[in-house]
Each structure stands twice: as structure tokens, then as C-alpha cells.
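A.B. asks: Using only what follows, build the 3D model:
(3 chains)
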Amino acid sequence: MSRVPGSAAFCLRLLRRQLVLGLRRPVEIGNPLLFFAIVVALFPLGLGPEPAALAEFAPGILWIVALLAGLLTADTAFRSDYDDGSLEQLLLAPQSLYFASLTYVAAHWLLTGVLLALLSPVFALMLGLPVAAIPTLVLSLLLGTGVLSLVGGIGAALTVGLRRGGMLIGLLILPFQMPVLIFGSGAVQAAVDGVPAGPYLALLGAMLCLAVALAPLAIAAGLRISTDA
Amino acid sequence: MWTLFHKFGSPPWLYRLSGSILRWLLPLTLLALVAGAVWGLLFTPPDFRQGNSYRIIYIHVPAAVVALAGYYVMAIAGAISLIWRMKMADVAMRATAPVGAALTFVALVTGSIWGKPTWGTWWVWDARITSMLILLFLYLGVIALYEAYENKALAAKACAVLSLVGTVNIPIIYKSVDWWYSLHQPASIKFTGGTTIDPSMLYPLLWMIVAFYALFTCCLLLNMRAEILERESRTAWVRRLAAGE
Amino acid sequence: MYFESLSAALTMDGHGAFVWSAYAITAVVLVGMLVAPWRRQRRTLRQLTGLLKREAGQPPPRDRSREV
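C.D. replies: Next up, the predicted model:
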């Protein structure tokens, strides 16, 4: 019998596999970013092109769109692995499902949240957000999208066994994501107003810690339920 | 202790017990609700700032209190069903969701009707109202998830996980919405001060809160009985029950 | 009783419409909460009674029961 890899090595391999699978389909990585760009373009059309008004709403707009883009991709976290059966193999594996779930979410976050955060300065400038607030925006998105990916993972794990999970996942996870929206846009707003944004970012970090600790438990339980279906 | 626990897991026993509880609890609850409503509507003095519109408090506050407590009842039932795989706990969880959602809805509607004469508008994005709205979404999410599953045993498990995630989240949501509101609070609407309440208004309020808890219990038991019958419709005891009717 | 007359209790100094409509809506929802499970239970029992009657009336051979 061959040697069983430890949890750390197993998770690293899993992460690499997920990233490779993701990178082989670059269009799917691009979709949420494109969605983000299109929805950002909707706001000037709906609210009027007045730069002052847009700049005032920019923190909220950017955060709401990030939330929606995260929602759109949440379903993909486990979908393909559920369909081809490799998820069931994962559940049978001797390594802890807790860390495996965390790895899945980490891969999802690297391919959506991080890219979104890195691209967000472009859209921030288009909406007239002051340049001074941009580092805060990127940092708050980096922390916040981590929470969004983890919470989205719970919704995805619970609905992956259902044929029509798409709409449902939004109903399930959006209420849980409201605190992230409040503190994320609060951080950017504080930076715009010239107030220290540290406390907001600290709160986002605290939420991320809590989510990292607890969400994998719920995701693991959800995956076990879904694979029974 | 454990024998009692096992008895709770037995559908016919629970069905009979809930029937005998409901026989006296239901009339008592209805009586208490009517009495409390009459007391609050006709026999209490009006508030000196809000006049008579404050009388809505006697249904608004109890509905809100019980709706929030109901979420925890649902989550605890969910936890019991996940940990000890007790079927009757699933039934209790499934039965709580619609009751809680209806009470949250009542709290929102009465709050909105109260807001019109008090604040001059039907809806204010006040911290408490917003939190109640989110609570309604959480309840509806649980119901939607339950209905989406074909296999009801799995549906109950999935809902149990979701409601447990909700219990961790509710304090965070409440605190953050509270904080968000204090940041954006418009100066004109402030009503958090003045927590003193005259006993002549407090007693009917406490009465109504107790009555709403009793109502919640009745609805929970009624829903559980209906659910038990549906699930157990193939068993001998339900057939005997149906034949006897 | 706080109010002097029935009409005073109905109008409540102009707030009557709000107060009474709030109570009415609540009453409707609460009655619905109680009646819905009761009706569901009755429907289940009625279906079962019908099923039992059919089974008792003419114990059908296995093939026929599948056809029906």
C-alpha cells in the first residue's frame, strides 16, 4: 500500500489541482470580472453621469457589485467536482474534510476575490472614487471577499446536490453577507472622508478569522448532506 | 431522563401528548390573546408623546420578541436532529420556520403601520426594522431550502446546518446593523431614549408577550402534528387513527 | 375603560385607522397560522380514510391495484 499524504501535503496538492483546473478555463475566470465591469457601467446609466453624485455612491456601488459577482461564482466552487464524482472520492479520503473544504474555498477566493480586488482600482477611478481611498478599497475587498467566498461556500455546499440551486444560493447567503457589505463600504467611505479606516478593516479581519474557523465545518457538513442526495 | 428523551423520539407518543396539551392550551391562549388585546386597546392610558398609536406596541413587540426567539428554537431543534439524529427534532424544526416567518411578518407590518403616525412615513431604514427584515429573509431561506430538496430527511439536515450558521450570524448581523444605523442616523428620528415605561402600560405588554409565546407553542404543536401524520401515514398507528375518525 | 364612548375608541383621536388595521392584520395572520396546520392535518386524515375504505371495500388482486 502506498504512503498516504498528510493533511498539509494533501491540501497543497488539492489547491494546485483546483488552480490548474481553473486556469485551463480562463473565460470562466474572466466572467465575474466582466460582470463586475458591466454592472459598474449600469450605475452611471441609471443614476446619471454626474461625477459628484457617482463619487458619493462609489464605495457602496463597488461593494454591492463585488457582492453580486461573488454570488454569481459561488455555485461553481463545488459544481464540476460534484458532477464528475471526484467530490465523493474526497469524502472517502482519510484526510480531514475540514481542511479540504478550506482548500476549495481558498482556490475559489484566489480565482475570484483576489482578481476582483486587484482590478477594482480601475473601476474605482471610472466612478470617480478619490485616489486616496483606493488602497483601502483593495485591502477591504481582499479581506471581505475572503468572507464572501467562505459564506458562499456554505451555500454552495448545501445546494450542490440540487438541480436548480442557482437562485436559491442567493436567498441563502445574501443575508449572511450583509455585515461584510456594511463594514466593507464603511471602510471605503471612511477613507474617502479622511477618517482612519483601520477599525473597519480590523472588523473585517475579525469576521474573516471567525469565518475561516467555522465555515469549513458547515461546508463539510453540507457536502456530506449533498453527496447523500 | 433518557427514557423521556427516547419517548420524545416516538411519533405516536408525541402526537398523543401534543393533542392533550393543545386541548387546554389552545383555548387558554386564544382567551389570553383576546383579553390582552382588549386590555391594551381599551383599558390603558395613551402615551403622552405618541397618543393612541402606541397601542400597536402590544402586538408589535411580542411578535418581534417571539419571532427572534423562534429562530433559536429552530436552530436548537436542528442541532438536536443533527447530533442525536432524532426524527421528531427535524419535525419541530420544519414546523418552526413558517410560524417564525409569519410572526416576523406581523412585526414588520405592525411596525410599519406604527411608523406612519409616529414618524410620518411607512418605512424607515431603522436598525431594528432592518434587522427584522433580515430575520424574515433568514426564515424564508430555510423554507426555500427545505422545499428545494426532494428527500425530506436530507432537507431537514440541510436546514439544520443553515439555521446553525444563522445562529452564529444573527448577533453579528444585529451588531453590525445597529452600528451601521448609528453611523447614518438622521437627526430627526431618535427614539432609543426614554426606556422608562409606566406599569399601567408594562403589565399588558408582558401579558401579551406571554400570550404570544403560548401561541407560538400552539402553532408549533399543530404544525408538528400535521407533519407527523404526513410522514407516518404508512404506519399502523396512523391508519388506526384514520379508521377511527 | 379609558375611552368614554365606542366612537372614541374607534377613532382614537385620529389614530384609530392605524391601530385597528394593525390589530386586524395581526388577527388575520394569527388565525391563518392556526388554521393552516389544522387543515393540513384534516386533509391527510381524510385521504387516509378514503384509502382505507377503498382497500377494505374490495381487496383487489395485485395487478389491478397497479393499474388503478
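A.B. asks: Show me which residues of chain B sit near chain A.
C.D. replies: Within chain B, the positions adjacent to chain A are B:82, B:134, B:137-138, B:140-141, B:144-145, B:148-151, B:154, B:157-158, B:161-162, B:164-166, B:168-169, B:172-173, B:176-177, B:179-180, B:183 by CB under 8 Å from any CB of the partner chain. C-beta: built from backbone N, CA, C; applies to glycine.
A.B. asks: which strands and helices sit next to the helix ranked longest in chain C?
C.D. replies: If you go by DSSP state H, chain C has its longest helix at helix C:16-57. Secondary-structure packing of helix C:16-57 (3 or more CB pairs under 8 Å, 6 or more residues apart in numbering or on different chains; DSSP states H and E): helix B:11-42, helix B:57-84, helix B:87-119, helix B:199-231, helix B:236-244, helix C:6-11.
A.B. asks: and the ones you listed as TSV, adding mean neighbour count, mean pLDDT and distance to residue A:52?
C.D. replies: Below are those laid out as TSV (neighbours: other CB atoms under 10 Å in any protein chain shown; pLDDT from 0 to 100; distance: least, CB to CB, whole Å):
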stretch	mean neighbour count	mean pLDDT	distance to residue A:52
helix B:11-42	16	86	50
helix B:57-84	22	89	40
helix B:87-119	23	87	30
helix B:199-231	20	87	48
helix B:236-244	15	79	68
helix C:6-11	13	69	48
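A.B. asks: Spatially, which residue comes closest to the residue in chain B that chain A sits nearest to, not counting chain neighbours?
C.D. replies: Scanning chain B for the residue nearest chain A gives residue B:176, at 3.9 Å (criterion: CB to the nearest CB). Nearest in space to residue B:176, with sequence neighbours left out and distances taken as CB to CB, 6 or more residues apart in numbering or on different chains, is residue A:179 at 3.9 Å.
A.B. asks: Is that neighbour located within a helix, as I assumed?
C.D. replies: Yes: under DSSP: H, G, I helix; E, B strand; the rest coil, residue A:179 falls within a helix.
A.B. asks: how much space is there between it and residue B:72?
C.D. replies: 19 Å (CB to CB, to the nearest Å).
A.B. asks: what do you get for residue C:16?
C.D. replies: On the measure of CB to CB, residue C:16 and residue B:72 end up 36 Å apart.
A.B. asks: Also residue C:38?
C.D. replies: For residue C:38, the distance to residue B:72 - CB to CB - is 26 Å.
A.B. asks: Which residues of chain A lie near chain B?
C.D. replies: A:154, A:158-159, A:161-162, A:164-165, A:168, A:171-172, A:174-176, A:178-179, A:182-183, A:186, A:207, A:210, A:214, A:218, A:221-222, A:225-226, A:228-229.
A.B. asks: And those, which of them are buried?
C.D. replies: Buried by 16 or more other CB atoms under 10 Å in any protein chain shown: A:154, A:158-159, A:161-162, A:165, A:168, A:171-172, A:174-176, A:178-179, A:182-183, A:186, A:207, A:214, A:218, A:221-222, A:225-226, out of the residues of chain A next to chain B.
A.B. asks: In helices, which of these appear?
C.D. replies: A:154, A:158-159, A:168, A:171-172, A:174-176, A:178-179, A:182-183, A:186, A:207, A:214, A:218, A:221-222, A:225-226.
A.B. asks: Tell me which residue is most central in chain A.
C.D. replies: What sits nearest the mean C-alpha location of chain A, by CA atoms, centre = their mean, is residue A:149, with 3.2 Å.
A.B. asks: so that one is in which element?
C.D. replies: Applying DSSP states H and E as the criterion places residue A:149 in helix A:134-159.
A.B. asks: buried stuff in that helix?
C.D. replies: A:134, A:136-159.
A.B. asks: any weak-confidence spans in the chain?
C.D. replies: All of this is about chain A. The model of chain A has pLDDT under 70 over residues A:1-3, A:165, A:229.
A.B. asks: if you could check chain C rather than the one you did, that'd help
C.D. replies: In chain C, residues with pLDDT under 70: C:1-4, C:6, C:8-10, C:12-14, C:58-68.
A.B. asks: could you list every residue that touches residue B:235?
C.D. replies: residue B:11 (CB atoms under 8 Å, 6 or more residues apart in numbering or on different chains).
A.B. asks: How about the residue nearest to the centre of chain A: what's its closest non-neighbour residue?
C.D. replies: In space, residue A:149 is closest to residue A:109, 4.0 Å off (CB to CB, 6+ apart).
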